[in-house]
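>>> The sequence isn't on hand, but the structure is:
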């Protein structure tokens, strides 16, 4: 049990983590083979040791170190560790609480696999960010099936540093959707094309996520009689020089079964509409934006017995620091459905709620995002790129309803003009 101690100046860390006077980690097992060293250990969520960070529902940054050499004589005292270098330590964001199960379907289940990939494509224009949309058709099914797990597909050995997120939407069988299904795809937000009737989220993967397994009581319905076409939206960002190059064959692997579970699952998106009217002023340590799913919407859409939310993923871009999904019933604010006060915009994975949260018709849901814009000298607008900002919470729930899949809010144009000090617009 060691901790990193700052130098007297407070600017740099000591070259070696110091032995903690309070040893709060218990080693459960350890072994090594030709390729791996494995340690399993435990500790209390809160050790009451000022050297240890309490483990909470927030995103935790895990510092790790390893070296080819072993400690001198197996000792743990000062100077016993080999000098570490840049290749032997790093940091990884993780959920240590509210982690979703990552188990693949058991061999006993009758499971089929559907792989959806983007073909190798050269972007039509240079740029540092790209949303690529491809329409795919549901496999030949005669009856309803349940999607029970999905996971990312990335090219083995390829450079996937620029892959940001992949979202699968359910589409209506419109002529524009059918026509695009016959091609390799196109840029998603191209004003030269008719908008696609694809708004219902089926699966959402973001960088850092391992995928998601549905709980045993629910699965997302795949129904050939209702939806035959699906939209794969893939977001790429150039990790280095602003050149995306040839897009890799990234996508999703979906596991589905004819053995239906008790409930049909659904996805609902709550927050701020990704639009320029979402404005964040520069030079501020703390700016709060709130997207509302008001009681009139849930009263109209949700079934009388309500819905049960069992997992959420919370999304901002670069300057997001905190997100909470708040829950109001009548005049009483309930405990937050989920919150994260240590957000990492590069690690956005579904978190499984310990107990599904009941949301009734007439309840008011609020996605509240806190930003730190102190490093920016110009306003930040809402939108889809990493230089813009977003505030969205996507919730998985059951039983599914079709009346409300996106519940977003947006400041009115007069409100925006007033906040900018604009009194009159002229043509």
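Right, received. Where do you want to start? This one's a predicted model, so the numbers in the text were calculated from it and none came from an experiment.
>>> all contacts plus neighbour counts: C-alpha atoms, from now on.
OK.
>>> Secondary structure element for the nearest residue to residue 384 once chain neighbours are set aside, which one?
Among residues not flanking residue 384 along the chain, residue 274 sits closest, at 6.5 Å (CA to CA, 6 or more residues apart in numbering). If you go by DSSP states H and E, residue 274 is not part of any helix or strand.
>>> how about residue 274, what does it touch?
If you count contacts by CA atoms under 8 Å, 6 or more residues apart in numbering, residue 274 has them with 382, 383, 384, 389, 390, 391.
>>> What count of nearby residues applies to residue 219?
By the criterion of other CA atoms under 10 Å, residue 219 has 28 neighbours.
>>> sorry, that was for residue 205
24.
>>> For it, pull up the helix or strand it's in.
strand 198-206.
>>> again, but for residue 130
Taking DSSP H and E as the definition, residue 130 sits inside strand 129-137.
>>> Please name every helix or strand in contact with that strand.
Secondary-structure packing of strand 129-137 (3 or more CA pairs under 8 Å, 6 or more residues apart in numbering; DSSP states H and E): helix 175-180, strand 186-187, strand 229-237.
>>> one more time with 6 Å
When contacts are defined as 3 or more CA pairs under 6 Å, 6 or more residues apart in numbering; DSSP states H and E, strand 129-137 sits against strand 186-187, strand 229-237.
>>> Can you list the neighbours in contact with it?
Residues from elsewhere that reach strand 129-137 (CA atoms under 6 Å, 6 or more residues apart in numbering): 181, 185-188, 228-237.
>>> where are the low-confidence patches of the stretch 151-300 of the chain?
For the stretch 151-300 of the chain, the stretches with pLDDT under 70 are 155-161, 238-247.
>>> where's the closest residue in space to residue 118 that isn't next to it in sequence relative to residue 422, distance?
Of all residues not flanking residue 118 in the chain, residue 249 sits nearest, at 4.8 Å (CA to CA, 6+ apart). Applying CA to CA, to the nearest Å, the value for residue 249 to residue 422 is 47 Å.
>>> Pick out the most distant pair among the contacts of strand 129-137.
Spatial extent of these (CA to CA) is set by the pair 228 and 237 at 29.9 Å.
>>> if we can go back for a sec, so what does the strand holding residue 205 touch, helix or strand wise?
By 3+ CA pairs under 6 Å, 6+ apart, strand 198-206 packs against strand 163-171.
>>> From the chain's centroid, how far away is the strand it packs on?
What separates the centre of strand 163-171 from the centre of its chain is 11 Å, taken as CA atoms, centre = their mean, to the nearest Å.
>>> before we move on, the earlier item: specify which residue of residue 249 and residue 422 has the higher count of neighbours.
Between residue 249 and residue 422, counted using other CA under 10 Å, the more crowded position is residue 249 (18 against 11).
>>> Residue 119 is in contact with the more buried one, correct?
Yes. Residue 249 is in contact with residue 119 according to CA atoms under 6 Å; the separation is 5.3 Å.
>>> Sheet partners, orientation included, of the helix or strand hosting residue 253?
Using DSSP H and E, residue 253 falls within strand 251-257. Partner strands and pairing direction for strand 251-257 (DSSP bridges) are strand 112-117 (antiparallel), strand 145-153 (antiparallel).
>>> what residue lies at the spatial centre of this structure?
Nearest residue to the geometric centre of the chain (CA atoms, centre = their mean): residue 348, 2.8 Å.
>>> residues in contact with that one?
Residue 348 makes contacts with residue 206, as judged by CA under 6 Å, 6+ apart.
>>> In three-state terms, label it for me.
coil (DSSP: H, G, I helix; E, B strand; the rest coil).
>>> next one: the one 10 residues further on
Judged by three-state DSSP, the three-state class of residue 358 is strand.
>>> Distance check, it against residue 306.
6 Å.
>>> ditto for residue 359
To residue 306, residue 359 is 5 Å away according to CA to CA.
>>> Looking at those two, which one has more neighbours?
residue 359 (22 against 19).
>>> okay, now the domains of the chain?
As recorded under automatic domain parsing, the domains making up the chain are 2-94, 99-263, 265-427.
>>> Walking through the stretch 1-150 of the chain, point out its strands one by one.
Remark: strands assigned in the stretch 1-150 of the chain by DSSP state E, counting those that start in this stretch are 2-3, 18-19, 26-32, 37-42, 60-65, 89-94, 112-117, 129-137, 145-153.
>>> Take these and write them to a markdown table, including distance to residue 177.
Below are the strands of the stretch 1-150 of the chain laid out as a markdown table (distance: least, CA to CA, whole Å):
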| stretch | distance to residue 177 |
| --- | --- |
| strand 2-3 | 55 |
| strand 18-19 | 60 |
| strand 26-32 | 53 |
| strand 37-42 | 49 |
| strand 60-65 | 41 |
| strand 89-94 | 37 |
| strand 112-117 | 16 |
| strand 129-137 | 7 |
| strand 145-153 | 22 |
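>>> Tell me how far residue 255 lies from residue 215.
Distance from residue 255 to residue 215, by CA to CA: 13 Å.
>>> So for those two, which sits in the more crowded spot?
residue 255 (20 against 16).
>>> Test of understanding: give the bridge partners of the more buried one.
When assigned by DSSP bridges, residue 255 has beta-bridge partners residue 113, residue 149.
>>> Let me see the contact set for it.
Neighbours of residue 255 in contact, by CA under 6 Å, 6+ apart: 112, 113, 147, 148, 149.
>>> burial measure for the closest residue to residue 206 other than its chain neighbours, as a count.
Spatially, and ignoring its direct neighbours in sequence, residue 206 is nearest to residue 165 (4.1 Å; CA to CA, 6+ apart). Here the number of neighbours of residue 165 (other CA under 10 Å) works out to 21.
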